[in-house]
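> Got a sequence here, can you build the structure:
(chains A and B)
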Amino acid sequence: EAGVAQSPRYKIIEKRQSVAFWCNPISGHATLYWYQQILGQGPKLLIQFQNNGVVDDSQLPKDRFSAERLKGVDSTLKIQPAKLEDSAVYLCASSLLRGSSTGSGELFFGEGSRLTVL
Amino acid sequence: GENVEQHPSTLSVQEGDSAVIKCTYSDSASNYFPWYKQELGKRPQLIIDIRSNVGEKKDQRIAVTLNKTAKHFSLHITETQPEDSAVYFCAASGAPGGGNKLTFGTGTQLKVEL
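Now for the predicted structure:
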């Protein structure tokens, strides 16, 4: 089974520039997440989609970050304009079940997109 | 929202010894507690999880215990091996309406020395 695909793996930009990350979840997974992982910290949820609808974007800095999941499959995360503190790994994850009291609820992560803002 | 604290931040053990990592959570409605292992430059991967209706779960050398009253849970690794060296994250989720939103701890860097 193919895993969660992300691109690009690495991106270096200057502050105030824009960047976009792409994610293709595991086939059949309805729920998709974008996490931000700053070096030395745990992943922090930015946004959660259920199919193509947003479930939670409470921690997404909406003045500069945007995300969409058209057609309920692939997703893109955009940052514009980027700041130095946006340097992090952006992890996409998907899961089969949402809020289920049964099943593992396991999140499957992609390899991540490492962003460096200079 | 949920807040997860994790200790210690670094842990060094000798090969063959046991390692214990502890986490506390704040939201009593949380009911799902996974542990993820992240090797350097790799993606986080689930190693074990536990739901709130269970107090302990084992999988070979790995076990997780949960104390709902105290709102803490722990990861136990026995007979540690060099390949266990990685960063371990605990997480919690399950608050009503939260779906599978996971709140992660800050991570524990485990180093298993020969």
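> number of nearby residues for whichever residue of chain B sits closest to chain A?
In chain B, the residue that lies nearest chain A is residue B:104 (3.4 Å; C-beta to the nearest C-beta). For every residue, glycine as well, the C-beta is placed using N, CA and C. For residue B:104, the neighbour count with other C-beta atoms under 10 Å in any protein chain shown is 24.
> which parts of the one helix or strand in chain A whose mean pLDDT sits lowest are buried?
Every helix and strand of chain A was ranked by mean pLDDT, DSSP states H and E. The lowest is strand A:53-56, at a mean of 90. For strand A:53-56, a neighbour-count test (16 or more other C-beta atoms under 10 Å in any protein chain shown) marks A:55-56 as buried.
> before we move on, the earlier item: leaving out chain neighbours, which residue sits closest to the residue of chain B closest to chain A?
Leaving aside its sequence neighbours, residue B:104 sits nearest to residue A:42 (C-beta to C-beta, 6 or more residues apart in numbering or on different chains; 3.4 Å).
> show me what contacts the one you found?
When the contact criterion is C-beta atoms under 8 Å, 6 or more residues apart in numbering or on different chains, the partners of residue A:42 are B:4, B:6, B:89, B:91, B:104-107.
> What residues of stretch A:34-51 count as buried?
Those would be A:34-37, A:42-43, A:45-50, for stretch A:34-51 by 16+ other C-beta under 10 Å.
> likewise stretch B:31-42?
Within stretch B:31-42, judged by 16+ other C-beta under 10 Å, the buried ones are B:31-38.
> could you pick out which of those residues are near chain A?
By C-beta under 8 Å from any C-beta of the partner chain, the members of the buried residues of stretch B:31-42 lying near chain A are B:31-32, B:34.
> need those in TSV with pLDDT and secondary structure, can you?
Listed next are these as TSV, based on pLDDT from 0 to 100; DSSP: H, G, I helix; E, B strand; the rest coil:
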residue	pLDDT	secondary structure
B:31	89	coil
B:32	89	strand
B:34	93	strand
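> can I get the buried residues of stretch A:34-51 in CSV with distance to residue B:11, secondary structure and pLDDT?
Converted to CSV, those look like this (distance: C-beta to C-beta, whole Å; DSSP: H, G, I helix; E, B strand; the rest coil; pLDDT from 0 to 100):
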residue, distance to residue B:11, secondary structure, pLDDT
A:34, 29, strand, 97
A:35, 24, strand, 96
A:36, 25, strand, 97
A:37, 20, strand, 95
A:42, 16, coil, 92
A:43, 20, coil, 93
A:45, 26, strand, 94
A:46, 29, strand, 96
A:47, 32, strand, 95
A:48, 31, strand, 93
A:49, 35, strand, 92
A:50, 37, strand, 89
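> before we move on, back to that, ok, so what distance separates the residue nearest to residue B:104 from residue A:79?
Distance of residue A:42 to residue A:79, computed by C-beta to C-beta, to the nearest Å: 20 Å.
> repeat for residue A:118
Distance, residue A:118 to residue A:79, by C-beta to C-beta: 14 Å.
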